[in-house]
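J.: okay, sequence plus prediction incoming.
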Amino acid sequence: MGKYLSKKVLVYLITFFVAVTVNWAVPRFMPGDPISLLLARFSGMEGGREIIQSQFVQTFGFDQPLLVQYFNFWKSLFVGDLGISISFFPAPVMDIVKNNIIYDFIILVPAIILSWIVGNKLGAYSGGNKKIDNRVMPFFYFLTSAPEFWFSMVLVFVFGVKFGWFPVNGAYSSTMHPGFNFAFIFDVLKHWFLPFLSIFLIQVGGWAIGMRNMIIYEKVSNYSRYMKSLGASDKLIRSYGFRNGVLPQVTGLAISLSTFVAAAVFVERVFAYPGLGNIMVKAVLNQDFFLMQGCFLAIITMVLVANFIVDIIYMLIDPRVRLSYSEEV
Amino acid sequence: MLLENFWKNHENLYYVVKNKKVMIGISIVVFMFLLAVIGPMLTSYDYDEFVSNGFQAPSADHWFGTTFMGKDVFTRVTLGLRTSLLVGLIAGVISTFVGCIIGFLAGYYGGVIDEILMAMTNIFIVIPSLALLIIISAYLPGDRGILIMSLIISVTAWPWTARAVRSQTLAIRSQDYVNLSRISSISVLQIIKEDIAANMLSYVFMVFILQFKGAILAAVGLEFLGLGPTQGISLGLVLQNALNWNAIQLGIWWWAILPGLILTIFVTALYFINTGLDEVFNPRLREM
């Protein structure tokens, strides 16, 4: 068990290492010169040039050899220094990331968990019944094919504009004061619902299709046929198929995290929702490179941690993994 | 009689033609390609030209209505579709090709080469592709053309193919006929080409469809975020403009919803082709 996890952790550490290295290398080795671009942009601002330049000495340290620059990059990373944002001058990147990461959590965590559960249930149901299958599958195909940014716009149009049920901008009304009271929480929930729904619905389609195919494969496997010949009910056979089909779906959860990140970026753009995805895109468009790198690192870290959690879940529900690794030691 | 013989020799093709999903999918894809090629010629407007009053709902003059500023949406969408399809197609081809090469090498050689290539692949799979795409396109200097866009997208798209192709290769490489080729001292390139690739052609084709689908979504997504081709018009750019002008809040649904609907239909069609082909090549699924 420990061996299984330590192997996984090693892979994630290497991935993190690569991601940080990419983050460090891209601005240095890409053709073109983002730094001079920045300097030119901020030379007009009072004291801007000095601040930017001192930032460079600290974070980039261009006068030093590459290897030293690289170590310094890691060093500042470990003390939580990601530089200073230019578009939110003079807020440190770390603070911006810390303040906004919560919005990603409240949208993504429920969307991931609920879409997985609901999608798998629907898929299992659809795979076990041909009539329902033929009717609902095209709908799932459509959902999973719909691009997130377009689907969000449709939701905005239908529920925000036509019916006017939900607000479509930001995380809470500008007239509200953030605080722990009922009115504010209700307001946040109202703003939260459509972005959540957008990610949830699209992902339900994907999970349902995956589970449906699993069930169909399991249905023609030998143990299902044997059960059938013994006279077991369809429902019982399906529930056994479900247990087998769920395992690849858990692996799929780790794989789809990248899709969820993309979905969050688009949804946050459409709903002007504060969250790392939206902030990262804004940072790119404003050429705020420190903020962009900070968001990138935060996203990578979140994804790696989530991957690790999925690994633990997989280990807990699959007895084979659990046993094979504990018996070996 | 002749026809019967033909179908007997091309059994897979027979199931392709008989498969409703594949045929519907192919018709839609062909239609969209025609729309992208012919569409812009059907109107006399230029995509960036102010042709009439803004805010016009779809009509005989302007099939998809006009934008807030009075540009013709149909011209913009079809021209944009051209760019986006091209980027998707090129990126799809490149990433399928790269993925196949890496998958073949890792699967065929095994051992250290396999370990290294797969470690690389796994790292690329874990890193969220859109975040990486944003970083790369943000630092890229100068103009982004169609080719550059395709290359950027391919950088993040290949790992899937590599992993899938590798596992297929692993299954094939221990077959007797591959061993026979090997002891006949046929070159590795030839073995991969004739023994391995030839036996997975259908699989690679399906992978390509998926890659095409992923690439066009990635392309339109990047365009939507404002990181698309710097010149000209693209499907994502139309959507981005619509969002920036608050088209939905103003009720100009034809500007915001129609371009995305076209993309969605296209992607659904590709999905249909893929699942249909899956049924063609996997008799188990065909039974359903």
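T.: Done, it's in. If you're wondering where the values come from, they're calculated on a predicted model, not measured in any experiment.

J.: pLDDT of the helix or strand containing A:Gln249, averaged?
T.: Element membership of A:Gln249 [criterion: DSSP states H and E] is helix A:234-270. Mean per-residue pLDDT for helix A:234-270: 87.

J.: try stretch B:17-28
T.: 87.

J.: is chain A contacted by that stretch?
T.: No: using C-beta under 8 Å from any C-beta of the partner chain, we find that stretch B:17-28 stays clear of chain A, coming within 9.1 Å at best. All C-beta atoms are positioned from the backbone trio N, CA, C, and that covers glycine.

J.: buried ones in that stretch?
T.: B:Asn19, B:Lys21, B:Val22, B:Ile24, B:Gly25, B:Ile26, B:Ile28 (16 or more other C-beta atoms under 10 Å in any protein chain shown).

J.: one more: stretch A:14-30?
T.: Buried residues in stretch A:14-30 (16+ other C-beta under 10 Å): A:Thr15, A:Phe16, A:Val18, A:Ala19, A:Val20, A:Val22, A:Asn23, A:Trp24, A:Val26, A:Pro27.

J.: which positions in the stretch 1-150 of chain B make contact with chain A?
T.: Residues of the stretch 1-150 of chain B lying near chain A (C-beta under 8 Å from any C-beta): B:119, B:122-123, B:125-132, B:134-142.

J.: would you map the helices across the chain?
T.: In the absence of a named chain, this looks at chain A. Along chain A, counting by DSSP state H, helices occupy A:2-29, A:34-42, A:48-55, A:66-78, A:93-127, A:130-145, A:148-155, A:182-219, A:222-230, A:234-270, A:276-285, A:289-317, A:319-328.

J.: that's the wrong chain, I meant chain B
T.: B:2-9, B:11-18, B:20-42, B:73-109, B:111-126, B:129-139, B:146-173, B:176-183, B:188-190, B:201-224, B:235-244, B:253-281, B:283-286.

J.: the second one packs against which elements?
T.: Just to be clear, that refers to helix B:11-18. helix B:20-42, helix B:253-281 (3 or more C-beta pairs under 8 Å, 6 or more residues apart in numbering or on different chains; DSSP states H and E).

J.: how distant is that helix from the center of its chain?
T.: 23 Å (C-alpha atoms, centre = their mean, to the nearest Å).

J.: alpha carbons only: can I get it in CSV?
T.: In CSV, the C-alpha atoms belonging to helix B:11-18 read as follows (Å, rounded to 0.1, in the frame of the first residue of the first chain):
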residue,chain,number,x,y,z
GLU,B,11,-16.7,-6.2,-44.9
ASN,B,12,-15.8,-3.2,-42.7
LEU,B,13,-16.8,-0.8,-45.3
TYR,B,14,-20.2,-2.6,-45.5
TYR,B,15,-20.7,-2.0,-41.8
VAL,B,16,-19.6,1.6,-42.2
VAL,B,17,-22.2,2.3,-44.8
LYS,B,18,-24.9,0.4,-42.9
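
J.: so what touches that helix?
T.: Taking contacts as C-beta atoms under 8 Å, 6 or more residues apart in numbering or on different chains, the residues outside helix B:11-18 that touch it are B:Trp7, B:Val22, B:Met23, B:Ser202, B:Gly276, B:Leu277, B:Glu279, B:Val280, B:Phe281, B:Arg286.

J.: residue contacts, the fourth one?
T.: When you say that, I think you mean B:Ser202. B:Asn12, B:Leu277, B:Phe281.

J.: hmm, which of the residues you listed are the buried ones?
T.: B:Leu277, B:Phe281.

J.: now the contacts of B:Ser202 in a markdown table, please, with extra columns for pLDDT.
T.: A markdown table is the format used below for the contacts of B:Ser202 (pLDDT from 0 to 100):
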| residue | pLDDT |
| --- | --- |
| B:Asn12 | 74 |
| B:Leu277 | 87 |
| B:Phe281 | 81 |
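
J.: quick one: the residue lying closest to B:Tyr203 once chain neighbours are set aside and A:Val79, what's the gap?
T.: Using C-beta to C-beta, 6 or more residues apart in numbering or on different chains and skipping residues adjacent in sequence, the residue nearest B:Tyr203 is B:Gln168, 5.9 Å away. B:Gln168 sits 47 Å away from A:Val79, going by C-beta to C-beta, to the nearest Å.
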